[in-house]
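Undergrad: Any chance you can model this:
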Amino acid sequence: MMFHPELFKDKIALVSGGRSGIGYAIAKQMLELGAKVTIISRKEGPLEKAAEELSAYGECDFKACDIRQSEQIQAVLQQIKERHGRLDILVNNAGGQFPALAEMINDKGWNAVINNNLNGTFFMCREAANHFFIPQKGGVIVNIIANIYRGFPGMVHTGAARAGVENLTRTLAVEWSSHNIRINCVAPGTIESSGLEQYPPQIQNMFAEAKKAIPLGRFGTVEDIAQATCFLASPLASYITGTNLYVDGAQHLNSDIMGLPNVIKSFINP
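TA: Alright, predicted model coming up:
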């Protein structure tokens, strides 16, 4: 581990989507660095199991929450206020999407992804700022987005939502700087995590082929993203705000972004 083991001593952190994958790794590393962490996601059963596992590394709370519902976010923040009295770090990692060609996404599918990935992220930022960061005159937000550098063919809905979050991050970095609130993005490339398992074999094979085009020659790990997130959330990044950090082995500069839509087309026209 690259950080001092007490980097986040006495810090209170909230990680959305913390029950698996990248969110779980971020929560784990923050706990190992001394933070007290609350994880949230929609399904209480798997969330509780994850919190039990994470408790081996430090004090970890959990609460089921749909980030699309402001009232549920407020309930989470109230729990944190009652237990800890403050919040120092918010990591917006929760999100969801599905592969599809743009012309085949219906209103329901489009709205579901925009509402979750963009609206939910804004609701989390707004509520955390109003409940904690603005009154405290300090706080840190890290938004986990995606590789949107050259668009996101095959996932236009999440590409649009994540681009919105990137611009939201820049805007809030300026608006909230007077409150000593820092906010940045981390943009993962293709990460070897539980998220890849949800895709059909054809798409997983496409990912394996795409690995050859990544300049560093490998996919990322959840630990790669956790380390970048912890850096931006820490005092080591005290003069960094409004930025988007690509953690992808230069994949955003040197890969075939049409791989996913071409696989989808093969399903339609075998």
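Undergrad: Can you check the pLDDT for residue 193?
TA: On the pLDDT scale, residue 193 is placed at 68.
Undergrad: actually residue 239, not the one I typed
TA: Residue 239 carries a pLDDT value of 98.
Undergrad: burial count for it?
TA: 7 (other C-beta atoms under 10 Å). In short, each C-beta sits where N, CA and C put it, glycine included.
Undergrad: where's the biggest strand by length in the chain relative to the chain centroid, distance-wise?
TA: When the chain is parsed with DSSP state E, its longest strand is strand 181-188. Centre-to-centre, strand 181-188 and its host chain are 9 Å apart (C-alpha atoms, centre = their mean, to the nearest Å).
Undergrad: Test my guess that residue 210 contacts residue 257.
TA: No - taking contacts as C-beta atoms under 8 Å, residue 210 lies outside contact range of residue 257: 9.4 Å.
Undergrad: and the residue nearest the centre of the chain, backbone torsions?
TA: With distances taken as C-alpha atoms, centre = their mean, residue 93 lies nearest the centre of the chain, 2.2 Å away. For residue 93, the backbone dihedrals are phi -110, psi -20 (criterion: degrees, to the nearest 10).
Undergrad: for the one 3 residues further on, same thing?
TA: Backbone torsions of residue 96, given as degrees, to the nearest 10, read phi -170, psi 150.
Undergrad: Roughly how far does it sit from residue 234?
TA: As for residue 96, its distance to residue 234 is 28 Å (criterion: C-beta to C-beta, to the nearest Å).
Undergrad: of the two, who's got more company?
TA: residue 234 (18 against 14).
Undergrad: give the contact list for that one.
TA: 3, 7-8 (C-beta atoms under 8 Å, 6 or more residues apart in numbering).
Undergrad: same question, residue 14
TA: Counting by C-beta under 8 Å, 6+ apart, residue 14 touches 37-40, 76-77, 80, 87, 89-91, 128.
Undergrad: For residue 172, which non-adjacent residue is spatially closest?
TA: residue 183 (5.1 Å; C-beta to C-beta, 6 or more residues apart in numbering).
Undergrad: Kindly check the end-to-end length of stretch 138-147 for me.
TA: End-to-end span of stretch 138-147 (C-alpha to C-alpha, to the nearest Å): 29 Å.
Undergrad: Can you show me the helices along the chain?
TA: 21-32, 44-54, 70-84, 107-114, 120-128, 134-136, 156-175, 201-210, 222-233, 259-268 (DSSP state H).
Undergrad: shaky segments in the stretch 51-200 of the chain?
TA: Within the stretch 51-200 of the chain, the stretches with pLDDT under 70 are 193-199.
Undergrad: Surely residue 179 is in contact with residue 132?
TA: No - using C-beta under 8 Å, residue 179 is not in contact with residue 132, being 10.6 Å away.
Undergrad: which residues do these two both contact?
TA: residue 139.
Undergrad: between the helices of the chain, which one is nearest to residue 149?
TA: Residue 149 sits nearest to helix 156-175 of all the helices of the chain, at 10.0 Å, using C-beta to C-beta.
Undergrad: Check which residues of the closest one are buried.
TA: Across helix 156-175, burial judged by 16 or more other C-beta atoms under 10 Å covers 156-166, 168-170, 172-173.
Undergrad: Go through these and name the one nearest residue 229.
TA: Among the buried residues of helix 156-175, residue 169 lies closest to residue 229 (C-beta to C-beta), at 13.5 Å.
Undergrad: Distance of that closest one relative to residue 187?
TA: In terms of C-beta to C-beta, residue 169 sits 11 Å off from residue 187.
Undergrad: tell me the contacts of residue 23?
TA: 15-17, 39, 41, 91, 93-94, 144.
Undergrad: Which member of the residues you listed is positioned nearest residue 252?
TA: residue 144 (15.0 Å).
Undergrad: Run a quick check on that closest one versus residue 25, I expect a contact.
TA: No - if you go by C-beta under 8 Å, residue 144 and residue 25 don't touch, sitting 10.9 Å apart.
Undergrad: okay, these two: which has more neighbours?
TA: Higher neighbour count among residue 144 and residue 25: residue 144, with 26 against 23, using other C-beta under 10 Å.
Undergrad: quick one, what contacts the closest residue to the more buried one other than its chain neighbours?
TA: Take residue 144 and drop its neighbours on the chain: the residue closest to it by C-beta to C-beta, 6+ apart is residue 93, 4.4 Å away. Applying C-beta under 8 Å, 6+ apart, we find residue 93 in contact with 15-18, 22-23, 26, 144.
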